[in-house]
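Undergrad: Prediction below, plus the sequence it came from.
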Amino acid sequence: MDISLQHIDYRYQANTPFERLAIEDVSIDIPSGTYMAIIGHTGSGKSTVLQHLNALLQPSKGTVKIGDREIKAQQKNKNLKQVRQKVGIVFQFPEHQLFEETVEKDIIFGPLNFGVSEPVAKERARKALKQVGLAEEILEKSPFDLSGGQMRRVAIAGVLAMEPDVIVLDEPTAGLDPRGRKEIMDMFYALHKDRNLSTILVTHSMEDAARYADQIVIMQQGKVVNQGTPEEIFSSPVELVKMGLDVPEVVRFQLKLEEKTGMKLGKIYLSIEELSSAVTEALSRGVRS
Amino acid sequence: MNKSIVSLKEVSFQYDEQERYALNHVSFDIYEGEWLAIVGHNGSGKSTMAKLLNGLQFPQQGEITVCGMQLNEESIWDIRKKIGMVFQNPDNQFVGTTVQDDVAFGLENNGIPRDEMVQRVEDSLRKVKMDKFLYQEPHHLSGGQKQRVAIAGVLALRPSIIILDEATSMLDPRGREEVLETVRLLKAEKALTVISITHDLEEAAKADRIIVMNKGEVFREGTPEEIFSMDEQLIQLGLDIPFSVKMSKAFRQKGIDVSKHYLSEEELVTELWTSRFSI
């Protein structure tokens, strides 16, 4: 399902003394099957953009296209149920939203609300639980007796059980240990490929953006300031640093090495494997400044 | 330096209704003035340890000594004056309506006279570089700024030890750097012992010493260099190794003979430069 934001503005608390323009003239195209990372500082407007992706917010100006639906400013938008079913959002610290008595009830809550029958919803709960790497035994447990990492996975299973076409992830791994982080990110990537989903990842992690995304959007002060493939974005690292953003560690290392040695590798490498090979080759050829 | 300030002897702890021990016969010392990083996967017992150290929970077995006092129900109030804690979530520990009220909260609870209180609030906010924000309300602050205010609140009570319980894990990279820089300065300025409970291996690499926890037990203890030479074993424990170590390894595999697994990028770049370019 294609999503397209066309010249959207969003004002918080419009027509009050507290009015604030959070995003301005933002245009982003997310064709079906794209893995897109949105990067920016706290307060850059990332989360506001995110909430337009399933019509939780209506733009103050401009148009949001979600599949066949158009959400326009100044227009009443009814029957958004289908949009919300198709676009699943995993909010930051989703475990804070768990509320049911058992894990199973929590996971089937979403599907039931969208009119799925109980047996089907329960079947989906089992499937989703497996996808997030948890054993079926915990279905009958209270979500509040689980560890933090398990709670996070249950909350994610609740979104997967709605079988969305688009998954929006807002810092999905914050607070997890390195293994948990990698497992969750790899799981989303596998789902993205297997089900041909669109995935939108809001993150501070340049490593994750470089590793998983096809496209990266950089936001600053409510505007899109740059957009491109990871190679394109990280090829101008100086600009990123000027904006106070990081570059992936491997890019930072390459820059330091080039600066100190005068060696020029000719392009930016985004993985340790590629960079070490390129440096080794350059050294064996005896390339000097 | 090498004087023990906190000592754990055979400490075990089990939460109600859990079969497994969260901490199982844990013994180690923390030395005055050091920066100790405690790392471990989610559920390894790190945070339980923080809770035991200032008496939010009491061990079922074993003994904890802080600044020469054995930790128990009687000594707890004196010990809490020695140990300050900064928790993970910036929004859960901001209790005042303004920055200065928040820092004053702990002082009020301790019955510090007003004149001195005003002075201490200002002093400690200056140390974390938040003295320009005295009258700001919390929702105007970034996560990193809130955590620095939390640190100021701890400092105002003049503890000997500060525990950071994943205090940077909810911050963006800039906020994380702000907080760590603050702690580094404080540690350099005076003999404050820092116990940092963290997943962030880059942060742990800068500590004086690291304790690796696994399933409620101390798995290994050593300098960052010693710990990160554990290599694949760390990954099996659910942890990771710092970038510069991974990079050093990759070079070795490709036949570039770097002399060791470096903990800092600068050192690795320097070695590559001196060994390969300046001959």
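TA: All right, it came through fine. Numbering: from 1, shown residues only, chains lettered A, B, ... in the order given.

Undergrad: Residue B:19 falls within a strand, correct?
TA: No. Counting by DSSP: H, G, I helix; E, B strand; the rest coil, one finds residue B:19 to be coil, located in no strand.

Undergrad: near chain A, which residues of the stretch 1-150 of chain B show up?
TA: Residues of the stretch 1-150 of chain B lying close to chain A by Cβ under 8 Å from any Cβ of the partner chain are B:17, B:40-43, B:88, B:142-143. Where you see a C-beta, it was placed from the backbone N, CA and C, and this is true even at glycine.

Undergrad: what about burial for those residues, which qualify?
TA: B:40-43, B:88, B:142-143 (16 or more other Cβ atoms under 10 Å in any protein chain shown).

Undergrad: before we move on, back to that, which single one of the residues of the stretch 1-150 of chain B next to chain A is nearest to residue B:212?
TA: Checking the residues of the stretch 1-150 of chain B next to chain A against residue B:212 by Cβ to Cβ gives residue B:40 as the nearest, at 6.3 Å.

Undergrad: Which residue comes closest to the closest one once chain neighbours are left out?
TA: Leaving out its chain neighbours, the residue that sits closest to residue B:40 by Cβ to Cβ, 6 or more residues apart in numbering or on different chains is residue B:213, at 3.3 Å.

Undergrad: Quick one: residues contacting the one you found.
TA: Residues counted as contacts of residue B:213 (Cβ atoms under 8 Å, 6 or more residues apart in numbering or on different chains) are B:38-40, B:44-46, B:49, B:219.

Undergrad: Tell me which of those fall in helices.
TA: Secondary structure from DSSP state H places B:46, B:49 of the contacts of residue B:213 in helices.

Undergrad: Columns pLDDT on top of the contacts of residue B:213, output as JSON lines?
TA: Below are the contacts of residue B:213 laid out as JSON lines (pLDDT from 0 to 100):
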{"residue": "B:38", "pLDDT": "95"}
{"residue": "B:39", "pLDDT": "93"}
{"residue": "B:40", "pLDDT": "90"}
{"residue": "B:44", "pLDDT": "88"}
{"residue": "B:45", "pLDDT": "88"}
{"residue": "B:46", "pLDDT": "87"}
{"residue": "B:49", "pLDDT": "91"}
{"residue": "B:219", "pLDDT": "95"}
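
Undergrad: Redo the contacts of residue B:213 as CSV? Include distance to residue A:51.
TA: Shown next, in CSV, are those (distance: Cβ to Cβ, whole Å):
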residue, distance to residue A:51
B:38, 37
B:39, 35
B:40, 35
B:44, 35
B:45, 38
B:46, 34
B:49, 39
B:219, 43
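
Undergrad: what residues are up against residue 142?
TA: Just so you know, I chose chain A. Neighbours of residue A:142 in contact, by Cβ under 8 Å, 6+ apart: A:101-103.

Undergrad: Hmm, no, I was thinking of chain B.
TA: A:42-43, B:175.

Undergrad: Return a ChimeraX selection command for the buried portion of those residues.
TA: Applying 16+ other Cβ under 10 Å to the contacts of residue B:142, the buried members can be selected in ChimeraX as follows:
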select /B:175
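
Undergrad: if you look at the contacts of residue B:142, which of them are in helices?
TA: residue B:175.

Undergrad: what about residue B:164, which SS state?
TA: Under three-state DSSP, residue B:164 comes out as strand.

Undergrad: Please work out how many residues are found near it.
TA: 28 (other Cβ atoms under 10 Å in any protein chain shown).
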